[in-house]
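[1] Kindly return the folded structure for what I paste below:
(2 chains)
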Amino acid sequence: MWLCKYCGMQNEDWENECFVCGKPQKEPDPVVVKEEKKTPPAVREAGESAPAQPALSAFAAAFEKAVPVNEEYEPIAQEAEADYADFEEIASDYAAFVDAAPDYSEYTEAVSVSQPQEEPDASLYDDSYIEAEADMKIFNSNRENIFPAAEPAPPVQHSPFVVADAAVAPVYSAPPETPKTTFSAEPKKTTDFDLQQFLSQIKQGESDNITEEIRKKQEDRKNQHPAATPQNPPCVQIDVPPRALKKQKKAEQRRESVAMFSKVTVKISRIILAVFLLIAAAFLAVCVLRGHGENIPYVIDEIFYAFELQLRGFLESMQF
Amino acid sequence: MLETFSLLFEAGILVIGALSVLLGAVASCLAFTRRYAAEISPLVRLAKVCACLFLVSPILLCLFADPLQLDSHMRSAQTLYSLFSAAWLFVFVVGSVAYLVNLPGRNKEGKEKEAPKTLYLSALFFLVVSVALGWLFS
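    Residues are numbered from 1 along each chain as shown, chains lettered A, B, ... in the order given. Predicted structure coming up:
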């Protein structure tokens, strides 16, 4: 087993060049081939679990035979060798760093082995427990007052944390064993307070109260308006303040009086008009009977003559 | 008898003229308030009828009266038209002011106030016609 000086890959059988990178190699360095050789991290990580394939080595040998080493690559190979020496130094430093690193497995083991947990301080729960117990007592008393026929309240379960002062604090007693819950189509019968029953009773009570109120209102309405029916409900009465009512009444009265006045005026005017028309008709009839109708052309001439005189005077006055 | 009817007719002309002016004045006073628009219109309508009759009546009086008394009738007609024009001038002023005061408003039915508008336009018409007729008969 030897290592390539350029890529650092392991090669099992000795060939003149690395079968991985294909670069020509010299005789293997006896130091490198040693068991305690320092390999680069890539090689260390890969480990020995990746042995070289024999087919590939055979192929490399055949390639070596087919392509002879070119002498022009010698200086390049020397440079590469020098670089590899530097790389080797760096690899050795890295290996030393890795060896100096702590063993994490031991650390994780140490962490996984945790310390035994401390018991909770029971004194911290005393106050809250006492308050809860008092609330429970109040609740039970209220429930008994509201539903006297209901089942008795469940026994008070004491806190397991109260052990400090047994004389003052209640002693914890294990709850009675209850049968395991099994699925069934029937509603679960509990010995404790039935919440559904409680809600239904509240709803029933409310609905009873509401229906009672509605019935009372309907009766009141019927009493106030006997003829009122659901199809013909009574008119909505709006409470109007007395001042506004008086004002409204006054305005209505004034409006009615004005309307009445206008009606009377119109009637009187019509009567007067009728009388005037009668007088005019009588006057015209008398005039016609007297034969004054024959004078109409003469009168018209007179009127137009007067109009002509007026117009002339107006025009003369305008001319100055 | 003819003189009696003539006097009655002249009195009727005066009454009808006064009635028309009175109706116009009442209507113009009511036009200041928006709520009485419904009551204005019949008054205005009747005032217009009376005014038209008043404008025609002196002419009829002059046409059918005794030709010998034509000058006196024409003078009386001139006086009537002058009074009438003065009265309708008052109605026109009051009605136009009432219309201008309540110009942006509408009545309860949401209709535009046609009655005050008709009133002051009619007053203007009667004023112009009476002035012209009075000037004609002068």
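[2] what does the average pLDDT come to for stretch A:144-164?
    The pLDDT scores in stretch A:144-164 average 57.
[3] what do you get for stretch A:292-311?
    Averaged across stretch A:292-311, pLDDT comes to 78.
[4] can that stretch be found next to chain B?
    Yes: applying CB under 8 Å from any CB of the partner chain, one finds stretch A:292-311 touching chain B at A:292-293, A:295-296, A:298-300, A:302-303, A:306-307, A:310. The C-beta positions use only the backbone N, C-alpha and C, and glycine is treated the same way.
[5] Report the buried residues of that stretch.
    Under the neighbour-count criterion of 16 or more other CB atoms under 10 Å in any protein chain shown, stretch A:292-311 has A:292, A:295, A:299, A:302-303, A:306 buried.
[6] What is the burial count for residue B:76?
    Neighbours of residue B:76 under the rule other CB atoms under 10 Å in any protein chain shown: 19.
[7] so who does the nearest residue to residue A:292 once chain neighbours are set aside touch?
    Excluding the flanking residues, the one nearest residue A:292 by CB to CB, 6 or more residues apart in numbering or on different chains is residue B:64, at 5.3 Å. Shown in contact with residue B:64 (CB atoms under 8 Å, 6 or more residues apart in numbering or on different chains): A:283-284, A:287-288, A:292-293, A:296.
[8] and residue A:11, what are its phi and psi?
    phi -130, psi 130 (degrees, to the nearest 10).
[9] which residues in chain B form helices?
    Assigned by DSSP state H, the helices in chain B fall at B:2-30, B:37-64, B:70-101, B:114-136.
[10] Quick one, which of these gets closest to residue A:257.
    When the helices of chain B are compared by CB to CB, helix B:37-64 sits nearest residue A:257, at 10.5 Å.
[11] I'd like to know how far residue A:300 sits from residue A:311.
    Noted for residue A:300: a distance of 16 Å to residue A:311, by CB to CB, to the nearest Å.
[12] Can you tell me the centre-most residue of chain B?
    Nearest to the geometric centre of chain B sits residue B:51, at 3.8 Å (CA atoms, centre = their mean).
[13] Now it: closest residue in space, sequence neighbours ignored.
    Of all residues not flanking residue B:51 in the chain, residue B:20 sits nearest, at 4.1 Å (CB to CB, 6+ apart).
[14] My guess is the one you found contacts residue B:55. True?
    No: the criterion here is CB atoms under 8 Å, and residue B:20 misses it with residue B:55 at 9.4 Å.
[15] Walk me through the domains of chain A.
    Listed domain ranges for chain A are A:2-109, A:255-319 (source: automatic domain parsing).
[16] Tell me, how many residues neighbour residue A:212?
    By other CB under 10 Å, 10 other residues sit near residue A:212.
[17] Give me the pLDDT value at residue B:127.
    The score at residue B:127 is 90. That number is its pLDDT.
[18] Quick check: it touching residue B:92?
    Yes: at 5.4 Å, residue B:127 and residue B:92 qualify as touching, with contact defined as CB under 8 Å.
[19] Assign a three-state SS to the residue of the stretch 51-200 of chain A found nearest chain B, would you?
    As assessed by CB to the nearest CB, chain B sits closest to residue A:199 within the stretch 51-200 of chain A, at 55.9 Å. Secondary structure, DSSP: H, G, I helix; E, B strand; the rest coil: residue A:199 is helix.
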